[in-house]
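Participant: Sequence and predicted structure are below.
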Amino acid sequence: MSEPTVTQDLIQHTEQPTEALAGVRSNRPRSLWRDTWDILKRRPIFWISLALLVMFLLMAAFPSLFTHKDPSYAQLAKGMDPPSSEAWFGYDLQGRDVFARTVYGARASIVVGVSATLLTVLLGGVTGVLAAYYSRWLDAIISRVGEMFLGVPYVLGGIIILGTIAPAQTSPNEVMIMAVVVLVLAVLGWPILMRIARSAVIQAKHQDYVQAARALGAGPIRIIFKHLLPNSLAPILVYSTITIGSYIGAEATLSLLGIGLRPPVISWGIAIADHTRYIRTGAHAMLFPALFLSLCVLTFVMLGEAVRDALDPKLR
Amino acid sequence: MGRYAIRRLLQLIPVLLGTTFLINYMVWQLPGDPFAGRCGQRPCPDAYVNAMRSQFGLDQPVLIQYWHFLTNMLTGNLGVDFNQVPVSTTLGAAWPITIRLALMAVAFEAVIGIGAGVLSGLKRGGFTDNIVTISTLILLSLPVFVTGYLLQWMLGVQLHVVEPTVSPEAPIDELIVPALVLASLNMAFTARLTRTSIVENLRADYVRTAVAKGLTNRRVVGIHLLRNSLIPVLTFLGTEVGSLMSGAIITEGIFNINGIGGILWRAITGQDYTIVVPVTSLLVLVYLVSNLLVDLLYGVLDPRIRYE
Amino acid sequence: MVEVLSEPGSRGTTGGALLEVDNLHVEFRTRAGVAKAVNGVTYTVDAGETLAVLGESGSGKSVTAQTIMGILDMPPGKITGGEIRFRGSDLLKLPEDQRRKIRGEGISMVFQDALSALNPVFPVGWQIAEMFRMHRGASRSDAKKKAVELMDRVRIPGAKDRVNDFPHQFSGGMRQRIMIAMAIALDPEILIADEPTTALDVTVQAQIMGLLAELQRDSNMGLILITHDLGVVADVADKIAVMYGGRIVENAPVHDLYRNPAHPYSKGLLESIPRVDLKGQELYAIKGTPPNLLDMPTGCAFHPRCPYKRDNCVTDVPPLNTVSGTRGSACHYWREVIDDSAS
């Protein structure tokens, strides 16, 4: 659900990063990335988010580095026991260690967030470049179809597709569950990326060097890959970073509704969903996964914003 | 302007048709059984399924089904749900509550969001600015349900400031916390948008002129700067009214509010698609119409915009 | 001081001119370093007098004007020295509240680009009327009536029908007239016009200059005309201050300067105006580029471009030498320059 808002923010801010930079440092002709890096490395928020990112990636790849406990080992007698020195985050409803489950939950969330974003970039990038580069006719169709998908509110779309494709009664394997969620997020999210890619390419298309390449007989494939794509790279990169964050949040929201990830997958969303009814008696089983979830989303949003601000100095 | 409005209205029709068709198709045609789970843990008897399929027209071709849906919607017939209760009856009681909640949320977004944005934009790099920047970043990162459960737990369970759930009549005072939760994301975004807009306009020549005219600081900021800076903010708030409706699903679900969102929440978890489809279509309509209104509002707010 | 302010038209007690800028210094502190935009500028303007301030962009002419108006962006700008006396009292020491009352009432300003200087979302009449409402407490309808009168006075055709139009609905020249109407609304004693015609077509430029001159005659204002175009000021100005690198390099009655300039830079400027009688000859251009404010040349800021350069120009900053009466030239070799121009 965080999707639409964060997105608009981006569309507004990332439209012309190249231009803005050119004005500021015209005396030293340097590359956009070099400049961005120079600004980034001086910003503490960038280093903080990078450190958090590394932590979460390690957690996703090697959860056993953080805990030696088995996240699936249930001691029913200890169900809902509060945090103690033995179990820092306490035990959940079925007596499983909440800390272990929270650490192991990182993997599903990050895998879903990253792969859904990759798929979104692929879908949106291709359609965006096609819409911008080819005929007005194709552009009109792609844009209208995009509007239709945007017309379906995010959570509603997820609910509808997931509710019908994979109802709670069926129990496919872990990979299948995750793949379906990834697909849904990407199918509902591509139009925004399409718009970003489209506007970046349209902007670049009319520039002299592209016109010149065309006049010299360069084919469409070459022009797209050599001249147009590099131009839309910066806004797409920023957008995708933040999107990973919001997809992680969206995945948890869908899991909360019982239509996203499901056991046997371990995820923050499921942990929260399983314990919402026990908020009065034992909030710890829900609060700690929620904390990690929020921190993880924050990491990606923060990283994306740091890069965006560095790309667009006029906002500082 | 009149002609522009009509043209936009006409453009809206294909999008509306496409979106509602998409919803219908996804719900009824995608693999999976819409009646699974209607009979508890065991599969439904064939007779029941067949009766339901023919009642809801699932035995007919897709386009015919969609045509029935359209004609029903246009004549105001929202059909009955799986329990044979007319959907319009259920909705009739729910609309006022959701509208009340949404209006309160918009008010919070506008007052708190714009206030924080103005304060932080005027004193860029100052203490308030940093506080606003950090807190909006955090709000933007918190999924709505996390904010919801967190506030419910803190204010309702721990501090006993409010009831954790809202009573069926949903009076205004009980809706304050849910409305804040519903508003939280857009509030943070409104604050950021306002800040950016203020910062951009602060450097504008017309602000310098206003100072040179000998106006008080209050008037330069309150009239000249704000009137310009708020154009994109108001546009944003308008556009987001539509998405507030779908945000209400989570919020109303958490606080057990009997609004449209709460109904959808229960329909989803109970997998009653007969409610999901018409209600979702209505929400899409609200979303598209509010976008159209915002477009027209933009022309009123900014005299430079001229519709061809 | 308050009494002086409350009596428009009084000329203060010191016997000085209406507006005196005295040894003003302004810097900009940026990430790249300190840019010295104004380095000891001194000039005066009296009622009914027109001073033209001439210089390239970056010469400090606009910054000086903004400092007089009190609309300099601070930070990055910073006033590091000098006084600006209006009716004898130093504006830089006045509390903000009194300073504000002088803006529009005592001193007002016309900006270069009227399209961006006017607020896009308010009708032009409203923007003019605001002066009367906020400074004089006039009612909405009275203020609007006065706005129409002013629009008539600056010769906007059909003023009554156009009072509710927005800035973007006017042509460039008409917009500048509205800007002027707004600036003269409260009969200020000093009007600063910062490149008022730069954004306009040549034919419209002449009309606007004519209008300014006429308004000034009628109301006996002091007018400061900031421009980079020597051609614009010849007919209107009484005296000229030529600025270079944040300093005044020459000030002189307008005809003296045109007849024989006493500074190599003014001489260069005059020679680079195309002249009909020298048709066929190559056009003169001052060689080199304007100075970098972050890294000013030592000594005389003009020395890298100066044909009269000697060794001491690189080391010694030339003072503003008195040429005669009110004339001054900041050149070590002004005698040579003036002799050359006379021949």
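Facilitator: Arrived safely. Residues are numbered from 1 along each chain as shown, chains lettered A, B, ... in the order given.

Participant: Scan the helices and strands of chain B for the one with the lowest mean pLDDT.
Facilitator: When each helix and strand of chain B is scored by mean pLDDT, DSSP states H and E, helix B:46-55 comes last, with a mean of 70.

Participant: do chain C as well
Facilitator: Looking across every helix and strand in chain C, the one with the weakest confidence, judged by mean pLDDT, DSSP H and E, is helix C:2-6, at a mean of 38.

Participant: Would you tell me what the next helix or strand after that one is?
Facilitator: strand C:19-30 (DSSP states H and E).

Participant: chain center to that following strand, what's the gap?
Facilitator: Its chain's C-alpha centre lies 14 Å from the corresponding centre of strand C:19-30 when counted by C-alpha atoms, centre = their mean, to the nearest Å.

Participant: what about the following helix or strand past the least confident helix or strand of chain B, distance to the chain center?
Facilitator: For helix B:46-55, the following helix or strand on the C-terminal side (DSSP H and E) is helix B:62-74. The gap between where helix B:62-74 is centred and where its chain is centred comes out at 26 Å by C-alpha atoms, centre = their mean.

Participant: do stretch B:110-123 as well
Facilitator: With C-alpha atoms, centre = their mean as the basis, the distance from the averaged C-alpha position of stretch B:110-123 to the chain average is 22 Å.

Participant: CA atoms only for that stretch, dumped as PDB, please.
Facilitator: Below are the C-alpha coordinates for stretch B:110-123, written out as PDB (Å, rounded to 0.1, in the frame of the first residue of the first chain):
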ATOM      1  CA  ALA B 110      -3.900  18.500   5.200                       C
ATOM      2  CA  VAL B 111      -3.500  20.100   8.700                       C
ATOM      3  CA  ILE B 112      -0.600  18.100  10.000                       C
ATOM      4  CA  GLY B 113       1.100  17.300   6.700                       C
ATOM      5  CA  ILE B 114       1.000  20.900   5.400                       C
ATOM      6  CA  GLY B 115       1.800  22.400   8.800                       C
ATOM      7  CA  ALA B 116       4.900  20.200   9.200                       C
ATOM      8  CA  GLY B 117       5.900  20.700   5.600                       C
ATOM      9  CA  VAL B 118       5.700  24.500   5.800                       C
ATOM     10  CA  LEU B 119       7.600  24.700   9.000                       C
ATOM     11  CA  SER B 120      10.400  22.500   7.700                       C
ATOM     12  CA  GLY B 121      10.500  24.200   4.300                       C
ATOM     13  CA  LEU B 122      10.800  27.700   5.700                       C
ATOM     14  CA  LYS B 123      13.700  26.800   8.000                       C
END
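
Participant: Quick check: buried residues in that stretch?
Facilitator: Residues of stretch B:110-123 classed as buried under the neighbour-count rule (16 or more other C-beta atoms under 10 Å in any protein chain shown) are B:110, B:112-114, B:116-122. In short, each C-beta sits where N, CA and C put it, glycine included.

Participant: Spit out the contact partners of B:Val162.
Facilitator: With C-beta atoms under 8 Å, 6 or more residues apart in numbering or on different chains as the criterion, the residues that contact B:Val162 are B:155-156, B:174, B:176-177.

Participant: before we move on, what about C:Ser62?
Facilitator: C:194-195, C:226.

Participant: Make a PyMOL selection of the buried ones in those residues.
Facilitator: With 16+ other C-beta under 10 Å as the burial test, the buried ones among these are selected in PyMOL as follows:
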select buried, chain C and resi 194+195+226
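
Participant: My guess is A:Ile48 contacts A:Met302. True?
Facilitator: Yes - judged on C-beta atoms under 8 Å, A:Ile48 makes contact with A:Met302 at a distance of 7.2 Å.

Participant: Neighbour count for the two, which is higher?
Facilitator: Under the neighbour definition other C-beta atoms under 10 Å in any protein chain shown, A:Ile48 and A:Met302 were set side by side, and A:Met302 has more, 25 against 15.

Participant: Identify each buried residue in the helix or strand harbouring B:Val284, please.
Facilitator: Take DSSP H and E as the rule and B:Val284 turns out to sit in helix B:273-301. Counting neighbours by 16+ other C-beta under 10 Å, one finds that the buried residues in helix B:273-301 are B:273-288, B:290-295, B:298, B:301.

Participant: Chain C next: which of these are close?
Facilitator: Here is what survives when those are matched to chain C using C-beta under 8 Å from any C-beta of the partner chain: B:Leu301.

Participant: What mean pLDDT does the longest helix along chain C get?
Facilitator: The single longest helix within chain C, with elements called by DSSP state H, is helix C:202-219. For helix C:202-219, the mean pLDDT works out to 86.

Participant: CA atoms of it as CSV?
Facilitator: What follows is helix C:202-219, C-alpha atoms only, in CSV (Å, rounded to 0.1, in the frame of the first residue of the first chain):
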residue,chain,number,x,y,z
VAL,C,202,13.8,47.2,-28.8
THR,C,203,10.8,49.3,-29.7
VAL,C,204,9.1,48.5,-26.3
GLN,C,205,12.4,49.3,-24.5
ALA,C,206,12.2,52.9,-25.7
GLN,C,207,8.5,53.2,-24.6
ILE,C,208,9.3,51.9,-21.1
MET,C,209,12.3,54.2,-20.7
GLY,C,210,10.2,57.1,-21.8
LEU,C,211,7.5,56.1,-19.3
LEU,C,212,10.0,55.9,-16.5
ALA,C,213,11.5,59.3,-17.3
GLU,C,214,8.1,60.9,-17.5
LEU,C,215,6.9,59.4,-14.2
GLN,C,216,10.1,60.6,-12.6
ARG,C,217,9.7,64.1,-13.9
ASP,C,218,6.1,64.2,-12.7
SER,C,219,6.7,63.1,-9.2
